[in-house]
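**Q** sequence plus the predicted model coming up.
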Amino acid sequence: MTGERRPLADRPLTEPHPSRLSPEHPGRARILAVHAAALTAGEAGYLDPATGLFVLTAGFLARRGTCCGRGCRHCPYVTD
């Protein structure tokens, strides 16, 4: 549901949503590195190393204050 207020999940912002970036994903280490760099820099997102698509950081999503319900890789909220 768009704009739904949910509590933040009990995991660090550096840890992606567990069902959206598998520990076995071949690019996981690189994705986590560019995500961490974007978080540290306070940026809204980063370019995915494999696809070039813009991916929002967990920090940006948490500051927004609501879950968009679109399945974001770094969604910081408690989701089903």
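**A** Sure thing, it's come through.
**Q** helices of this structure, start to end?
**A** Secondary structure of the chain (DSSP state H): helices at 28-41, 58-64.
**Q** residue 50: which of these is closest?
**A** Of all the helices of the chain, helix 28-41 sits nearest to residue 50, with 8.1 Å by C-beta to C-beta. Backbone N, C-alpha and C define where each C-beta goes, glycine included.
**Q** chain center to the closest one, what's the gap?
**A** Its chain's C-alpha centre lies 10 Å from the corresponding centre of helix 28-41 when counted by C-alpha atoms, centre = their mean, to the nearest Å.
**Q** for it, which outside residues touch it?
**A** With contact meaning C-beta atoms under 8 Å, 6 or more residues apart in numbering, helix 28-41 is reached by 13-14, 16, 21-22, 25, 44-49, 55, 57-59, 73-74.
**Q** kindly export it (C-alpha atoms) in CSV.
**A** Output in CSV follows, covering the C-alpha atoms of helix 28-41 (Å, rounded to 0.1, in the frame of the first residue of the first chain):
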residue,chain,number,x,y,z
ARG,A,28,25.8,-9.0,-3.2
ALA,A,29,29.2,-7.8,-1.9
ARG,A,30,29.5,-5.1,-4.5
ILE,A,31,25.9,-4.0,-4.0
LEU,A,32,26.4,-3.7,-0.3
ALA,A,33,29.6,-1.8,-0.8
VAL,A,34,28.0,0.8,-3.1
HIS,A,35,24.9,1.0,-0.8
ALA,A,36,27.2,1.6,2.3
ALA,A,37,29.1,4.3,0.4
ALA,A,38,25.8,6.1,-0.6
LEU,A,39,24.5,5.8,3.0
THR,A,40,27.8,7.3,4.4
ALA,A,41,27.6,10.2,1.9
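**Q** doesn't residue 66 make contact with residue 3?
**A** Yes. Here residue 3 reaches residue 66: they are 4.7 Å apart, a contact under C-beta atoms under 8 Å.
**Q** more crowded one of those two?
**A** residue 66 (13 against 10; other C-beta atoms under 10 Å).
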